[in-house]
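Colleague: Starting from these lines, generate the structure:
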Amino acid sequence: MVSVLAVSDETIESLWNAQVRSMDVDVILGAGDLPFDYLEYLTDALNAPCVFVPGNHDPDLTGYSAGRAGWMRAGLPTTWPGPVGAVNADRKIVSAAGLRIAGLGGSIRYNGGPNQWTQRQQRRRARSLTRTKTWAEKVRGDQRGVDILLTHSPPFGVGDDTDPAHVGFECLSDVTRILRPQVLLHGHIHPHGRTPDDLRLHESDVVNTVGYTLLEIFPGGEHPEHAPTIVRRRHGT
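Modeller: Modelled structure (predicted):
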């Protein structure tokens, strides 16, 4: 069983100080719109790997690649603006702490900022998870699918909102159906003092992790009678 700390959108004071070290966590998942030094602090304090996707308030992280000489962008040396030591899973399927994690960052386009996409653009971006070599090598023909689908925005009609900035992505329904995650973790939708409902999409749980959620999950559905279990959660005010 893997202990997961999922964080998104709202910094929590009790996590950004020494008392967080009392948590026994195997992996940290960031669903976007958090200070990168917050993710770095959690990674160091908990001595756990961090996997994240960017949110609509994060800087543009597209086009960066790491090589022997350091970070490059457009063929030129540069500085990585993301959290040091963390893995950007946007449009990728990665492994951490024994879990297979697929990521898709960003929100619906509403004001032209970074990491914002139209429904059509995000549908095209999502193909890197479901129709490419990555999917063929890691998912197709494998009954396991993925353990977690990590997104910033929720699926359309499943935990999203109706205002122009918080409509969910339609393509996440197909991505969830194809990848078969045990759980879809998302941020972006602030609960404003209430605890949001945990929802279902196809055969997957859909969990809003704004603030933080501590959950336990068996890799690969090793114990199918045990669904991912939410141990603790907290949202900001």
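
Colleague: where does this protein have low pLDDT?
Modeller: Scanning the chain for pLDDT under 70 picks out the ranges 132-144, 221-226, 236-237.

Colleague: Please name the bridge partners of the most centrally placed residue in it.
Modeller: With distances taken as CA atoms, centre = their mean, residue 150 lies nearest the centre of the chain, 2.9 Å away. Listed beta-bridge partners, residue 150: residue 103, residue 185 (assigned using DSSP bridges).

Colleague: That one contacts residue 101, doesn't it?
Modeller: Yes: look at residue 150 against residue 101 with CB atoms under 8 Å: they come within range, at 5.7 Å. Just so you know, the C-beta spots here come from the backbone N, C-alpha and C atoms, and that holds for glycine as well.

Colleague: Could you pull out the residues contacting both of those two?
Modeller: 29, 51, 89 (CB atoms under 8 Å, 6 or more residues apart in numbering).

Colleague: Closest to residue 62 out of the residues you listed?
Modeller: residue 89 (13.4 Å; CB to CB).

Colleague: what's the nearest residue to the closest one if we skip its chain neighbours?
Modeller: Among residues not flanking residue 89 along the chain, residue 103 sits closest, at 2.9 Å (CB to CB, 6 or more residues apart in numbering).

Colleague: For the one you found, give its distance to residue 54.
Modeller: Distance from residue 103 to residue 54, counting by CB to CB, to the nearest Å: 9 Å.

Colleague: what residues are shared contacts of the two?
Modeller: Counting by CB under 8 Å, 6+ apart, the residues touching both residue 103 and residue 54 are 88, 90.

Colleague: Can you mark which positions in stretch 200-210 are buried?
Modeller: In terms of neighbour count (16 or more other CB atoms under 10 Å), stretch 200-210 has its buried residues at 201-202, 204-210.

Colleague: how far out from the middle of the chain is that stretch?
Modeller: Distance, stretch centre to chain centre, for stretch 200-210: 12 Å (CA atoms, centre = their mean, to the nearest Å).

Colleague: mind saving the C-alpha coords of it as PDB?
Modeller: Extracted in PDB, the C-alpha atoms of stretch 200-210 (Å, rounded to 0.1, in the frame of the first residue of the first chain):
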ATOM      1  CA  ARG A 200     -17.300   8.700 -10.000                       C
ATOM      2  CA  LEU A 201     -16.400   8.700 -13.700                       C
ATOM      3  CA  HIS A 202     -16.700   5.400 -15.400                       C
ATOM      4  CA  GLU A 203     -15.000   3.000 -12.900                       C
ATOM      5  CA  SER A 204     -12.800   5.700 -11.300                       C
ATOM      6  CA  ASP A 205     -13.100   7.800  -8.200                       C
ATOM      7  CA  VAL A 206     -12.900  11.600  -8.800                       C
ATOM      8  CA  VAL A 207     -11.400  13.600  -5.900                       C
ATOM      9  CA  ASN A 208     -11.100  17.300  -5.500                       C
ATOM     10  CA  THR A 209      -7.800  17.800  -3.700                       C
ATOM     11  CA  VAL A 210      -7.700  21.600  -3.300                       C
END
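
Colleague: what's the farthest-apart pair in the buried residues of stretch 200-210?
Modeller: Within these, 202 and 210 form the most distant pair, 22.6 Å apart (CB to CB).

Colleague: For the closest residue to residue 209 other than its chain neighbours, the count of nearby residues, please.
Modeller: In this structure, residue 209 finds its nearest non-sequential neighbour in residue 6, 4.1 Å apart by CB to CB, 6+ apart. By the criterion of other CB atoms under 10 Å, residue 6 has 26 neighbours.
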